[in-house]
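In: No sequence on hand, only this structure:
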């Protein structure tokens, strides 16, 4: 349904997207992941025809973005990371405006369907500026689907929401995924794992992984992750990397003045726990907790996107 071929985008001397290739199949829910600055949003903006590629090509339903930009836009609903709402309007007025822009026929019937699907009962006559962040996201999704597009692109759809609102939007995304091709960009890896059939990870403008969540996790089954909680100077923890061969400190998060949470990875064929323990003893650090953890999607993401495997 969507094909990206040798897609490149340059901003002056900066290459934001570097000759990427992948396809998105009809009815698929694709998670598009990457760290900040990896090229995710730039790629999405090119798919939606907001940006023109520097080179390469995108085809949607066999339409070419160079020749058929308007027709492609009709097929796509888009919720950018920064929700494009006119907050002085009521929800009704805003969706009526969107319907006119999109040339939707039978506005009243479609409005009824969208209200039901997005859970907008009771707020349709309220000013958008009076709504909670969760309801604003629902209105943003409503504008993206009002013309009943085949393809829906959601860029950080749960950004800034509280846990209850995240669950609500996630359930809405699952409903939409039953009838549309979805592309979801998100930093919340549990969310992507819960709703996506397939995950593409981009880093520094290049695709570094492509597969189902299960396939990506199985690619690291030969790795062991060790989680520690230490009383230790945070600035000294990188010494673990420097003094113990064959381990990688994936993260080093200071949770209080004295306590750090540390994630370490090593090959499952070599149990490094005793070496790690002996080194900690020589440093006179204190271990509050140590346990092995199954490889998570977060671990896969960090392994593929952190330069040289070092903590950042």
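Out: Right, received. Where do you want to start? Note that the coordinates shown come from a computational prediction; the quantities given were computed from them, not determined experimentally.
In: hey, let's count contacts and neighbours off CA atoms from now on
Out: Fine.
In: all strands for the chain, in order.
Out: 2-11, 14-24, 29-33, 55-60, 63-64, 76-79, 151-155, 181-185, 198-203, 206-211, 223-231, 247-254, 259-267, 286-293 (DSSP state E).
In: Quick check: closest non-adjacent residue to the residue nearest to the spatial centre of the chain.
Out: Centroid-nearest residue in the chain: residue 186, 2.0 Å away (criterion: Cα atoms, centre = their mean). Computed as Cα to Cα, 6 or more residues apart in numbering, the closest residue to residue 186 that is not its neighbour in sequence is residue 156, at 4.6 Å.
In: do the same with residue 61
Out: In space, and not counting its chain neighbours, residue 61 is closest to residue 1: 5.0 Å by Cα to Cα, 6+ apart.
In: if I pick the one you found, what's in contact with it?
Out: For residue 1, the contacting residues are 23-26, 59-62, by Cα atoms under 8 Å, 6 or more residues apart in numbering.
In: The same query, at a cut-off of 6 Å, please.
Out: For residue 1, the contact set (Cα atoms under 6 Å, 6 or more residues apart in numbering) comprises 25-26, 60-61.
In: Narrow those residues to just the buried residues.
Out: residue 60 (16 or more other Cα atoms under 10 Å).
In: rewinding a little: identify whichever of the strands of the chain lies nearest to residue 86.
Out: Among these, strand 76-79 comes nearest to residue 86, with 13.9 Å by Cα to Cα.
In: Could you give the number of residues near residue 132?
Out: Close neighbours of residue 132, defined as other Cα atoms under 10 Å, add up to 12.
In: typo on my end, residue 160
Out: The burial count assigned to residue 160 is 12, neighbours taken as other Cα under 10 Å.
In: cool, and residue 120?
Out: Neighbours of residue 120 using other Cα under 10 Å come to 18.
In: Kindly report the same for residue 297.
Out: By other Cα under 10 Å, 19 other residues sit near residue 297.
In: Domain-wise, how is the protein divided?
Out: Here the domain parsing of the chain from automatic domain parsing is 2-212, 222-294.
In: and the gap between residue 169 and residue 90?
Out: Between residue 169 and residue 90 the computed distance is 21 Å (Cα to Cα, to the nearest Å).
In: Can you pick out the residue with more neighbours from those two?
Out: The neighbour count for residue 169 versus residue 90, taken as other Cα under 10 Å, is higher for residue 169 (21 against 18).
In: And the pLDDT for the residue nearest to that one when sequence neighbours are not counted?
Out: For residue 169, ignoring the flanking residues on the chain, the nearest one in space by Cα to Cα, 6+ apart is residue 158 at 6.9 Å. At residue 158, the pLDDT value in this model is 85.
In: where in the stretch 101-250 of the chain is pLDDT low?
Out: Scanning the stretch 101-250 of the chain for pLDDT under 70 picks out 220-221.
In: Tell me where it has helices.
Out: Secondary structure of the stretch 101-250 of the chain, counting by DSSP state H, counting those that start in this stretch: helices at 107-118, 133-145, 163-176, 189-195, 213-218, 239-243.
In: contacting residues around the residue nearest to residue 186?
Out: 81, 185-186.
In: let's go with 10 Å and repeat that
Out: By Cα atoms under 10 Å, 6 or more residues apart in numbering, the residues touching residue 156 are 41, 79-83, 184-188.
In: Which members of those are the farthest-apart pair?
Out: Among the contacts of residue 156, 83 and 188 lie farthest apart (Cα to Cα), at 17.7 Å.
In: sorry, back to before: so which of the helices of the stretch 101-250 of the chain is nearest residue 298?
Out: With Cα to Cα, the closest approach to residue 298 among those belongs to helix 189-195: 6.4 Å.
In: picking that back up, so of the domains of the chain, which one's packed in deepest?
Out: Comparing those by mean neighbour count (mean count of other Cα atoms under 10 Å), domain 2-212 ranks first with a mean of 18.
In: can you give me the offset of that domain from its chain's centre?
Out: Mean-position distance between domain 2-212 and its chain equals 11 Å (Cα atoms, centre = their mean, to the nearest Å).
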